[in-house]
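A.B. asks: sequence plus the predicted model coming up.
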2 protein chains.
Amino acid sequence: MHIVKKYITNKAMSLLNVNSSAKQASNEIIESVQNMAGQINNSQKHINGVVPIKTECYNTLLRYGWTREKPLEVLSRKGGPIDVYKEFFDNTASFRVGIEFETGNISSAHRAMNKLFLGILHNDLDLGILILPVAKLTYYLTDRISNYEELEPYFCLAKNYPLIFIGFDAESYSPNHPILKKGTDGMSLK
Amino acid sequence: MHIVKKYITNKAMSLLNVNSSAKQASNEIIESVQNMAGQINNSQKHINGVVPIKTECYNTLLRYGWTREKPLEVLSRKGGPIDVYKEFFDNTASFRVGIEFETGNISSAHRAMNKLFLGILHNDLDLGILILPVAKLTYYLTDRISNYEELEPYFCLAKNYPLIFIGFDAESYSPNHPILKKGTDGMSLK
C-alpha cells in the first residue's frame, strides 16, 4: 500500500521535528503501511476482506518490537486496549506511541480516535497514530468499513493532541488480483 | 424516568450560572427526561426496546419548540444531523442547544459525543447535551445499548466544551410492568 493522505496536528509536528523517538516511530509506521500488499481485486464492490491487509502491517510492526493490545491504565476495567504499542528510549527518555488501525465502521473509528485522545490526556501515550484506508479503497473492502475522508471533518478535535492520521490506498487495482479473504464477524460477510 | 447521574463541564456550569437561555434549556431537558415513563419490565435481560422511551422524551421537547434532526454546517455532506435542537433568544442574543439521545452501542455514543464537540467547535452550537441510560437500566434494554458508565471514562475529553452528560434510570422495576416494544433494526431483535 502507499500513504496518500496524512494529517499531522501541530503538537505531533513539533515532536517529529525535535524528538528522535517520534521520528523513528513515524518511520517504522510508514514502512509497515508500505509493506502491506497493494494489489486489490476490483471485480466488484466490497469483495475484499481487510484483515489480511491489517495483519501484514502488524507483522512488520512486530518485527520492529511493537506489541499488540496495550491496555490503558485509565480504561483498566472499561473498554479495550490500544491496538499496537511501543515504548522508545532516547538515552534514558521514554517515548510511548499507540497505533489504532481502524477497520470497523465510522462509529468504531470515533471510538478509536477517542481512545488515543484519552491515552494522551492521561499520560499513557506521548503520540497517537490512527491508520485508515481511503474512500477509494474501501469501495472494494468489506461493506461499511470507515475511511479517512469520512472521519476527516472530525480531525479538528485532535488539535490539542499529538496525533497523526494516515490514509492508505492500493498501489494497483485489477479484477485479476487475488481476492483478500474476509473474516467471519460483523459486517464482513455482507 | 429520573436523572440519577450528571456530569457538567466547567464551561457548561459557567453558562448555567449566568445565561438564562442555558438555564431554560436545561430545565426543559430535565422535564423531558422526567416525563418518560419510568416503569420497566425486569422479567428478563434485554427484554425492552428503547425507542418508546426516547419517543416520549422527544415528544415533550417538541412541545417546547425543539426540532428534530438539525444538520451541522460543517457536516453538510458528511455524517448525520444533531438529534434535537433549539435556538433560544434572550432579548436579541441567540443561544443554540443540541441534544444527542444515545440509544446505540458504545461506538455510536463516541460518535454522538464527537458530533456535539464538532458543533460547538464550529460555532453551530453553544451548548451540547448527551442523554444516556445508566448501566442498571440497560440490562433490561436491547442488547449492547451503551450506558452512562461505559462512556464515563471519556467525559474528560469534554473539558474544553460546554457539555452536559445526563444518565437516567427507571423509577420502578417489576416483572408485571408492560414490556416496551423493540424496533426492527440492528441489535434490537437480539
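C.D. replies: Received the coordinates, thanks.
A.B. asks: from B:L16, how far out is the residue in chain A that chain B sits nearest to?
C.D. replies: Nearest residue of chain A to chain B: A:S107, at 3.6 Å (C-beta to the nearest C-beta). Backbone N, C-alpha and C define where each C-beta goes, glycine included. Taking C-beta to C-beta, to the nearest Å as the criterion, A:S107 is separated from B:L16 by 30 Å.
A.B. asks: looking at those two, which is more packed in?
C.D. replies: Here A:S107 and B:L16 are compared on neighbour count by other C-beta atoms under 10 Å in any protein chain shown; more neighbours surround A:S107, at 20 against 17.
A.B. asks: wait, what's in contact with that one?
C.D. replies: A:S107 makes contact with B:104-105, B:107-108, B:110-111 under the criterion C-beta atoms under 8 Å, 6 or more residues apart in numbering or on different chains.
A.B. asks: picking that back up, next one: the helix or strand encompassing the residue of chain A closest to chain B to chain centre, how far?
C.D. replies: A:S107 is part of helix A:106-121 when elements are defined by DSSP states H and E. For helix A:106-121, the distance from its own C-alpha centre to the chain's C-alpha centre is 11 Å (C-alpha atoms, centre = their mean, to the nearest Å).
A.B. asks: around chain B, which positions in chain A sit nearby?
C.D. replies: In this structure, chain A approaches chain B at residues A:74-75, A:78-79, A:104-108, A:110-111, A:113-114, A:117-118, A:121-122, A:149-150, A:152-154, A:156-157, A:160, judged by C-beta under 8 Å from any C-beta of the partner chain.
A.B. asks: what subset of these is buried?
C.D. replies: Restricting the residues of chain A next to chain B to buried positions leaves A:74-75, A:79, A:104-108, A:110-111, A:113-114, A:117-118, A:121, A:150, A:152-154, A:157, with burial counted as 16 or more other C-beta atoms under 10 Å in any protein chain shown.
A.B. asks: hmm, which helix or strand of chain A has the shakiest average pLDDT?
C.D. replies: The weakest-scoring helix or strand in chain A, judged by mean pLDDT, DSSP states H and E, is strand A:67-70 (a mean of 87).
A.B. asks: mind listing what's buried in the helix or strand following that one?
C.D. replies: Counting by DSSP H and E, the next helix or strand C-terminal to strand A:67-70 is strand A:82-90. Neighbour counts over strand A:82-90 (16+ other C-beta under 10 Å) mark A:82-86, A:88 as buried.
A.B. asks: among those residues, which pair sits farthest apart?
C.D. replies: Put simply, by C-beta to C-beta the two of those set farthest apart are A:D83 and A:F88, 17.2 Å from each other.
A.B. asks: contacts only, for the residue positioned nearest the centre of chain A.
C.D. replies: Most central in chain A under C-alpha atoms, centre = their mean is A:I131, positioned 2.3 Å from the mean C-alpha point. With contacts defined as C-beta under 8 Å, 6+ apart, A:I131 is in contact with A:29, A:33, A:57, A:99-102, A:166, A:168.
A.B. asks: helices along chain A, start to end?
C.D. replies: In order along the chain, chain A carries the following helices (DSSP state H): A:10-18, A:20-34, A:51-63, A:106-121, A:135-138, A:148-151.
A.B. asks: elements contacting the fifth one?
C.D. replies: Identification of packing neighbours for helix A:135-138 by 3 or more C-beta pairs under 8 Å, 6 or more residues apart in numbering or on different chains; DSSP states H and E yields helix A:148-151, strand A:163-169.
A.B. asks: could you export the shortest one as PDB, CA atoms only?
C.D. replies: Same thing as helix A:148-151. Coordinates of the C-alpha atoms in helix A:148-151 are reproduced here as PDB (Å, rounded to 0.1, in the frame of the first residue of the first chain):
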ATOM      1  CA  TYR A 148     -10.100   8.500   6.100                       C
ATOM      2  CA  GLU A 149     -12.400  11.100   4.300                       C
ATOM      3  CA  GLU A 150     -15.400  10.100   6.400                       C
ATOM      4  CA  LEU A 151     -13.600  10.900   9.700                       C
END
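A.B. asks: what's in contact with that helix?
C.D. replies: Counting contacts by C-beta under 8 Å, 6+ apart, the residues outside helix A:148-151 that touch it are A:5, A:106, A:109-110, A:113, A:130, A:132-135, A:165-167, B:78-79.
A.B. asks: run the last query once more with 7 Å
C.D. replies: A:5, A:106, A:109, A:132, A:134-135, A:165, A:167, B:78 (C-beta atoms under 7 Å, 6 or more residues apart in numbering or on different chains).
A.B. asks: how far out from the middle of the chain is that helix?
C.D. replies: Relative to its chain's centre, helix A:148-151 lies at 13 Å (C-alpha atoms, centre = their mean).
A.B. asks: now the longest one
C.D. replies: Taking C-alpha atoms, centre = their mean, the mean C-alpha location of strand A:163-169 is offset from the chain mean by 7 Å.
A.B. asks: angle of it against helix A:106-121?
C.D. replies: Strand A:163-169 runs at 150 degrees relative to helix A:106-121, counting by axes from the mean of the first three to the mean of the last three C-alpha atoms, to 10 degrees.
A.B. asks: name the helices or strands packed onto strand A:163-169?
C.D. replies: Other helices and strands packing on strand A:163-169, by 3 or more C-beta pairs under 7 Å, 6 or more residues apart in numbering or on different chains; DSSP states H and E, are strand A:2-8, strand A:127-133.
A.B. asks: may I have the strands that pair with the last one, each with its orientation?
C.D. replies: Okay, so that is strand A:127-133. For strand A:127-133, the paired strands and their directions (DSSP bridges) read strand A:93-101 (parallel), strand A:163-169 (parallel).
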